[in-house]
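In: Give me a model of this one.
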Amino acid sequence: MRWNSLLSVALVWLGFVALSFLLSPTSQANRHVTPLTPSTISTPTQSANPPKITKAVMQKKTLLVEGENFVDGAKLYVNGAKVKVFNDELTPTTKLVVNKANKRLPREEVVSLEVQTPDGQTSETFGFFTGLILTYQSTLANQNVLLQVGQKFVLYFNDPRIIWTAYLPPGNSYPIIEALDNLDDTIPDAQGLYIARQKGYAPCVMLAFPVEGPPFSHLVNLTVIE
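Out: Numbering: from 1, shown residues only. The predicted model follows:
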């Protein structure tokens, strides 16, 4: 009797274990599986230093775009369209070069420039005029600026220590130089976009109001020829 009782207890216990295993297959199958947590999932990260355009200038037929974080393989977009560009050999991270820019860019128009790095980071839009840009430095010593009828130009006297204002004397019945746009939204700090309407002489007086010091004036001699 004693052995029969022990055998019965053993059979009941084995049946209970087997039933528990059959009723919970998921927990048994997943006992050795490590669940994924957010810390185990890797995602691509971007650099904290996006590209930035600080200056653009035309040198004869070449466009030079200067700025920061121009990594190797950076792309340049003009009005949303990609143009052929390469990093400068001496300063590859701060200067991009566009050869034959006079053929790749629209003539005498305000365009938007953007630089994009290979990881997809894009600079803020930078406004640039593809024609003649007159600055304080380029009009020193009362130089005479020759323009042709119909030619457009931008006055860009930019100095953080000086507020510049352009004054063009009005013409008799038809202006020699006419303002087209103030460019506030596209080229900050530029005094405006102008066009030469007819032949003649038009002195442009640039009034300067420094943060420190008295106001002064700077004369830009504009002569329009046919």
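In: where in this protein is pLDDT low?
Out: Under the criterion pLDDT under 70, the flagged ranges of the chain are 1-47, 171-173.
In: Can you spell out the domain ranges of it, please?
Out: Domain ranges of the chain: 52-129, 132-225, per automatic domain parsing.
In: In TSV: these, plus mean neighbour count.
Out: Any C-beta I mention is one placed from the backbone N, CA and C, and that applies to glycine too. Shown next, in TSV, are these (neighbours: other C-beta atoms under 10 Å):
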stretch	mean neighbour count
domain 52-129	16
domain 132-225	15
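In: List the beta-bridge partners for Phe128.
Out: Val111 (DSSP bridges).
In: Please enumerate the helices of the chain.
Out: 2-23, 25-29, 101-104 (DSSP state H).
In: Quick check, Leu222 in contact with Tyr201.
Out: Yes - applying C-beta atoms under 8 Å, one finds Leu222 in contact with Tyr201, separated by 7.2 Å.
In: Common neighbours of the two, please.
Out: By the contact definition C-beta atoms under 8 Å, 6 or more residues apart in numbering, Leu222 and Tyr201 are jointly contacted by Ile176.
In: Let me see the contact set for Leu147.
Out: For Leu147, the contact set (C-beta under 8 Å, 6+ apart) comprises Leu132, Phe153, Ala196, Leu222, Thr223, Val224, Ile225.
In: Val224 too?
Out: Residues near Val224 by C-beta under 8 Å, 6+ apart: 147-149, 151, 176-177, 196-202.
In: again with Phe86
Out: Contacts for Phe86 (C-beta under 8 Å, 6+ apart) come out as Leu96, Val97.
In: and if we set it to 6 Å?
Out: Counting by C-beta atoms under 6 Å, 6 or more residues apart in numbering, Phe86 touches Val97.
In: just Leu113 next, same as before
Out: Residues near Leu113 by C-beta under 6 Å, 6+ apart: Ile53, Ala56, Phe126, Phe128.
In: any idea which of the residues you listed is the one closest to Asp119?
Out: When the contacts of Leu113 are compared for distance to Asp119 (C-beta to C-beta), Ile53 wins out at 17.5 Å.
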